[in-house]
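>>> Can you look at this prediction? I've put the sequence above it.
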Amino acid sequence: MRHGDKLNNLGRKTAHRKSMLANMASSLILHKRISTTVAKAKALRLYVEPLLTKSKDDSTHSRRTVFAYLKSKEAVDMLFKDVAAKIADRPGGYTRILKTGNRLGDRADMCFIELVDYNENMLVAKAPVKAKAARRSTKKKTTEGTAKAPKATSEKGATDEATDEPKGE
């Protein structure tokens, strides 16, 4: 029985899973967005968000703790220099998962996982959409006294609509 076991093992043994998540976390920090399966993205989110929180405090202890998880000097440097400055005022929720459909080979659910503060398209405030006028199923009825006869459309018989006089040539 799996009472209280909330960790998704992803069909891998412990060492393989930890190594895979460390590599994916390093790639996410370096590239700001990666494409993966939904299950791996959800496991990666649980793995990387505490590291992002720890990067807000730039001390030797937190750098060593994060390096123990990431195992990449370049990723640790970028995390503490660039990423930590952008997420300094954010209280949590540093990643976003965007589902993209199914993979062609095995129909696995695919997605993008990205750092929230680095997606320029989502950061731009969109203009409010103006509501469309209501459409009517029937035309308005006009009274016979106010209806006008259609105007002539040939060149010689064309009229100026504003004055209802024949156009000069």
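Cool, got the structure. Model, not experiment: these values are computed from the prediction.

>>> quick one: the strands in the protein?
Applying DSSP state E to the chain gives strands spanning 33-37, 95-102, 109-115, 159-160, 165-166.

>>> and those as JSON lines, adding mean pLDDT and distance to residue 84?
No exception for glycine: its C-beta is placed from N, CA and C like everyone else's. Shown next, in JSON lines, are those (pLDDT from 0 to 100; distance: least, CB to CB, whole Å):
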{"stretch": "strand 33-37", "mean pLDDT": "97", "distance to residue 84": "18"}
{"stretch": "strand 95-102", "mean pLDDT": "96", "distance to residue 84": "15"}
{"stretch": "strand 109-115", "mean pLDDT": "97", "distance to residue 84": "11"}
{"stretch": "strand 159-160", "mean pLDDT": "56", "distance to residue 84": "71"}
{"stretch": "strand 165-166", "mean pLDDT": "62", "distance to residue 84": "76"}
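
>>> which one of the ones you listed lies closest to residue 81?
Residue 81 sits nearest to strand 109-115 of all the strands of the chain, at 14.1 Å, using CB to CB.

>>> Just the angle for that closest one relative to strand 95-102, thanks.
Following axes from the mean of the first three to the mean of the last three CA atoms, to 10 degrees, one obtains 160 degrees for the angle between strand 109-115 and strand 95-102.

>>> any low-confidence regions in the protein?
125-127, 139-169 (pLDDT under 70).

>>> redo that, cut-off 80
Within the chain, the ranges that satisfy pLDDT under 80 run 122-169.

>>> before we move on, back to that, buried deepest among the strands of the chain, which one?
strand 109-115 (a mean of 18; mean count of other CB atoms under 10 Å).

>>> Is it possible to get JSON lines of the strands of the chain that adds distance to residue 74?
Shown next, in JSON lines, are these (distance: least, CB to CB, whole Å):
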{"stretch": "strand 33-37", "distance to residue 74": "15"}
{"stretch": "strand 95-102", "distance to residue 74": "20"}
{"stretch": "strand 109-115", "distance to residue 74": "16"}
{"stretch": "strand 159-160", "distance to residue 74": "75"}
{"stretch": "strand 165-166", "distance to residue 74": "80"}
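
>>> Buried residues in stretch 64-76, which are they?
Neighbour counts over stretch 64-76 (16 or more other CB atoms under 10 Å) mark 66, 69, 70, 72, 75, 76 as buried.
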